[in-house]
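*Asks:* Let's see this in three dimensions:
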Amino acid sequence: TAWLFALHPEFPHQAPADFRERETFAEQRRIEWLETSAPGDAGWALIGRVAEIISDGTPWLLGKAIAHCSFAAEAEARFLSGASPAHSSIFASFMWWRGEQNGLDWLHSVLDKIVSQKRVDEAIQLAIVMRQGLAHWERIERLGKDVGDGFWGTVNLWSRDFSSEELDYGVRRLVNLGRVAAAADGAVLHGKALLPSTALYVLEAIRLDPSKLVKPGSGSIAHTIIELFVALDRDTRFDEERLAQLEGFFFQVLRDSGRHLVLYRRLSKSPELFCGIVETLFKRAGAAREADSGDGTRQQQVEAAFAILEAWKGYPGDDLEGTERDEAMHNWSLAVIDRTRAAGRGAVGLSQLARVLARAPDASDGFWPCIAARRLLEGLKDSILADEAGERPVGQRSRFIHGLEIAKRNLRGATMRPVGAGGTLERAEAQKYRSSADRLKASWPDTADLLNALADSYLVEDDEEDRDARTDRTREGVDRPRPNPDTTLN
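*Replies:* Residues are numbered from 1 along each chain as shown. Model (predicted):
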C-alpha cells in the first residue's frame with residue numbers, strides 16, 4: 001500500500017488529467033484506504049509499517065492524510081501518549097495539519113507537552129514545520145538548550161518572508177552554531193530585508209573560518225558573496241579598513257563583479273595594508289616557506305595577495321594634487337620601506353614600491369618619475385635605509401633603480417611595427433629618456449642617471465631589433481637585388 005503515499009502515484013485505473021485534480025484524487029484515495037484499514041490497534045501498527053517504508057521519501061503525506069480522517073482525535077491521543085519509533089517520522093506532519101484546525105497556541109501546547117516527555121527529536125521536527133518567525137523562535141529558546149540548538153542545527157531560513165529583525169536574529173543564531181553556509185543562503189534569499197550589519201556578520205564569519213563555507217570563487221558561492229557585499233554597500237558608515245580587509249579576502253570573487261572596491265582606495269592611503277599584502281605574498285628573508293594548513297587557506301591567501309598587487313593600478317595620494325600628492329606619496333613610500341624592512345622583506349618591499357611609483361603621474365615639471373621616486377633615489381644613499389640583512393646601502397639603491405626600470409618598461413606594453421622596421425621605436429624611447437636626463441641632471445642628478453640607464457637599455461634593444469629586421473627583410477625578399485631593366489639577355 002505504500003505506493004499510494006508516493007508524491008505522484010500512478011493509479012491502475014483512470015485518474016483526472018488535470019494536475020490539481022489528480023492530486024486531490026490521490027488524497028481522497030489515501031483517506032479512503034486509511035478509513036477502511038487503519039482504525040484500532042492493528043490499524044495503528046499497519047500505519048507504523050507504512051511509515052517505516054516511506055520514511056526516506058514522503059512521510060508527510062501519510063501524516064496529512066491521517067489528520068483528515070475521522071479517527072484523527074484517536075491518532076492524536078496515541079501520538080501524545082508517546083509515539084513509537086515507527087510512527088515518529090509522521091508525527092510532525094500530523095500535528096501541523098491538526099494545528100491548522102486547532103490553532104497556533106494548541107501547537108505550542110503540544111510542543112510543551114512532548115518536551116516535558118523528553119521527546120526532543122520530535123519537538124524539533126514539529127518546531128521546524130511550524131510557521132517561522134521571531135515569536136516562534138523565542139518560544140523555542142524557552143524550551144531549553146537541547147531543543148534550541150537542535151532546532152537551529154537543522155532549520156533553514158527558506159519558508160517565508162522575514163522582517164529585517166527576524167532575519168538578523170535567525171542568521172546570527174545559525175552563524176553562532178557554525179552553520180555559516182545556511183546563514184549565508186538565508187541572508188541572500190531574503191535580500192530585501194537583509195541589513196548591512198547582518199551581511200557583515202556573515203562575511204566576517206566566513207573570513208574567520210572559510211571551511212564553514214567552501215573556497216570562495218566558485219559557482220553559486222561567488223553569487224552569494226557578491227550579494228552579501230551588495231547589502232553591505234547600503235551603509236557607508238562602516239570602517240573602511242575593516243571593509244578593505246574583507247574585500248582583500250574575497251578579492252578573487254569581487255575583482256570582476258563591477259563593484260567599486262574600497263580596498264583600492266585604502267591601499268593608496270594605508271602603507272600598512274599594502275605591506276600586509278606584500279608580507280602575505282613573500283616570505284621573510286632567510287625563512288622557510290610557511291606550510292599550508294591542509295585546507296588550502298594559505299594558498300588562497302597567496303593567490304589573492306598576488307591578484308591584488310597585479311590588479312591595483314593606483315598610487316598613494318591619487319586623490320590629491322600638486323605638492324600635497326608629492327608629500328603623501330613620499331611619506332607612504334618611507335613607511336613601506338620601514339615596515340617591509342622590519343618584517344624581513346626589505347628587498348621585495350623596494351621592488352613592489354618601485355612598481356607603484358613607476359605608474360604614478362609625471363611630476364609637475366612634466367618628466368617621469370614622480371617627485372617621491374626622485375627623493376628616494378637621493379635618500380637611498382643614506383645608510384639608515386639599509387635593511388636588517390646587513391646589505392650595503394648601495395645594494396638597496398640599486399634594487400630600487402632596477403625595480404623602476406623594469407616597471408617602467410613593462411608599462412610600455414607590447415609594440416607593433418612593420419616587417420623590417422628595426423629599432424625605430426626603441427631609438428625614439430632612448431631619445432625621450434636622454435632628453436629628460438639632460439633637463440633634470442642639474443636638479444636631480446640621481447634621477448638623470450636612472451633616465452640615462454633607461455636610454456642605454458633601449459639603445460641595446462635598438463641594435464637587436466635592427467639585426468632582427470635585416471634577417472626579416474632578407475627572408476621576406478625586401479632586400480633581394482632587382483634585375484636591371486637595361487640588361488639584355490643573350
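
*Asks:* where exactly do the helices run in the stretch 1-150 of the chain?
*Replies:* 19-37, 40-53, 59-67, 72-82, 88-102, 104-116, 120-129, 134-142, 145-152 (DSSP state H, counting those that start in this stretch).

*Asks:* how about the longest one: buried residues?
*Replies:* Same thing as helix 19-37. 25-26, 30-31, 33-34 (16 or more other Cβ atoms under 10 Å). C-beta here means a position set from N, CA and C on the backbone, and glycine is covered the same way.

*Asks:* what's the closest of the residues you listed to residue 264?
*Replies:* For these, the residue nearest residue 264 by Cβ to Cβ is residue 26; the value is 59.4 Å.

*Asks:* my read: that closest one touches residue 9, true?
*Replies:* Yes: contact between residue 26 and residue 9 holds when scored by Cβ atoms under 8 Å: they sit 5.6 Å apart.

*Asks:* mind showing which ranges of the stretch 151-300 of the chain have poor pLDDT?
*Replies:* The model of the stretch 151-300 of the chain has pLDDT under 70 over residues 213-220, 290-296.

*Asks:* can you give me the helices for it?
*Replies:* Counting by DSSP H, counting those that start in this stretch, the stretch 151-300 of the chain has helices at residues 164-176, 180-189, 196-208, 219-232, 240-249, 251-254, 262-267, 271-281, 297-311.

*Asks:* The last one packs against which elements?
*Replies:* Under the contact criterion of 3 or more Cβ pairs under 8 Å, 6 or more residues apart in numbering; DSSP states H and E, the helices and strands touching helix 297-311 comprise helix 240-249, helix 251-254, helix 271-281.

*Asks:* Using JSON lines, lay out the helices of the stretch 151-300 of the chain together with mean neighbour count.
*Replies:* As requested, the helices of the stretch 151-300 of the chain are exported to JSON lines (neighbours: other Cβ atoms under 10 Å):
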{"stretch": "helix 164-176", "mean neighbour count": "20"}
{"stretch": "helix 180-189", "mean neighbour count": "22"}
{"stretch": "helix 196-208", "mean neighbour count": "20"}
{"stretch": "helix 219-232", "mean neighbour count": "18"}
{"stretch": "helix 240-249", "mean neighbour count": "19"}
{"stretch": "helix 251-254", "mean neighbour count": "20"}
{"stretch": "helix 262-267", "mean neighbour count": "20"}
{"stretch": "helix 271-281", "mean neighbour count": "20"}
{"stretch": "helix 297-311", "mean neighbour count": "16"}
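
*Asks:* Residue 336: which of those helices is closest?
*Replies:* For these, the distance to residue 336 is smallest for helix 271-281, at 4.7 Å, taking Cβ to Cβ.

*Asks:* How far does the top helix by length along the chain sit from its chain's centre?
*Replies:* For the chain, the helix that runs over the most residues, judged by DSSP state H, is helix 445-476. Taking Cα atoms, centre = their mean, to the nearest Å, one finds helix 445-476 lying 44 Å from the centre of the chain it belongs to.

*Asks:* Which elements pack onto that helix?
*Replies:* helix 371-379, helix 393-412, helix 424-440.

*Asks:* just checking, residue 210 touches residue 298?
*Replies:* No: at 11.3 Å, residue 210 and residue 298 do not qualify as touching, with contact defined as Cβ under 8 Å.

*Asks:* Just give me the residue closest to the centre of the protein.
*Replies:* By Cα atoms, centre = their mean, the mean C-alpha position of the chain lies nearest to residue 250, the distance being 3.4 Å.

*Asks:* any idea how far residue 209 is from that residue?
*Replies:* 14 Å (Cβ to Cβ, to the nearest Å).

*Asks:* Please tabulate the buried residues of helix 19-37 in CSV and include pLDDT and distance to residue 62 as additional columns.
*Replies:* Formatted as CSV, the buried residues of helix 19-37 follow (pLDDT from 0 to 100; distance: Cβ to Cβ, whole Å):
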residue, pLDDT, distance to residue 62
25, 90, 17
26, 90, 12
30, 93, 8
31, 94, 11
33, 93, 11
34, 94, 8
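
*Asks:* Make TSV from those and add distance to residue 345 to it.
*Replies:* Shown next, in TSV, are the buried residues of helix 19-37 (distance: Cβ to Cβ, whole Å):
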residue	distance to residue 345
25	74
26	70
30	72
31	75
33	76
34	75
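
*Asks:* re earlier: return the most buried member of the helices and strands packed on helix 445-476.
*Replies:* For the helices and strands packed on helix 445-476, average neighbour numbers computed from mean count of other Cβ atoms under 10 Å are highest in helix 371-379, which has a mean of 22.

*Asks:* Give me the helices and strands touching it, please.
*Replies:* Using 3+ Cβ pairs under 8 Å, 6+ apart, helix 371-379 sits against helix 322-342, helix 346-358, helix 393-412, helix 445-476.

*Asks:* wait, which of the helices of the stretch 151-300 of the chain is closest to residue 143?
*Replies:* helix 164-176 (14.3 Å).

*Asks:* ok, back up a step: tabulate the helices of the stretch 151-300 of the chain (TSV), appending distance to residue 126.
*Replies:* Shown next, in TSV, are the helices of the stretch 151-300 of the chain (distance: least, Cβ to Cβ, whole Å):
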stretch	distance to residue 126
helix 164-176	18
helix 180-189	20
helix 196-208	27
helix 219-232	30
helix 240-249	39
helix 251-254	39
helix 262-267	45
helix 271-281	49
helix 297-311	40
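
*Asks:* Looking at the ones you listed, which is nearest to residue 80?
*Replies:* helix 164-176 (28.6 Å).

*Asks:* what's that closest one in contact with?
*Replies:* Residues external to helix 164-176 that are found in contact with it (Cβ atoms under 8 Å, 6 or more residues apart in numbering): 132-134, 137, 152, 157, 162, 180, 182-183, 186-187, 190, 193-195, 197-198, 201-202, 205.

*Asks:* distance of residue 173 from residue 188?
*Replies:* 17 Å.

*Asks:* Low-confidence ranges, the stretch 351-490 of the chain, go.
*Replies:* Applying pLDDT under 70 to the stretch 351-490 of the chain flags the ranges 381-394, 418-421, 462, 465-466, 468-469, 472-474, 476-490.

*Asks:* If we use 80, what do you get?
*Replies:* Applying pLDDT under 80 to the stretch 351-490 of the chain picks out residues 381-396, 415-423, 462-490.

*Asks:* which non-adjacent residue is nearest residue 361?
*Replies:* Among residues not flanking residue 361 along the chain, residue 370 sits closest, at 6.7 Å (Cβ to Cβ, 6 or more residues apart in numbering).

*Asks:* Run through the residues that contact the one you found.
*Replies:* Per Cβ under 8 Å, 6+ apart, neighbours of residue 370: 315, 326, 329, 357, 360-363.

*Asks:* hmm, 10 Å instead?
*Replies:* 315-317, 325-326, 329-330, 333, 356-364, 376 (Cβ atoms under 10 Å, 6 or more residues apart in numbering).

*Asks:* circling back: can you tell me which of the helices and strands packed on helix 297-311 is nearest to residue 265?
*Replies:* helix 240-249 (7.1 Å).

*Asks:* separation between the residue nearest to the centre of the chain and residue 453?
*Replies:* From residue 250 to residue 453 the distance is 41 Å (Cβ to Cβ).
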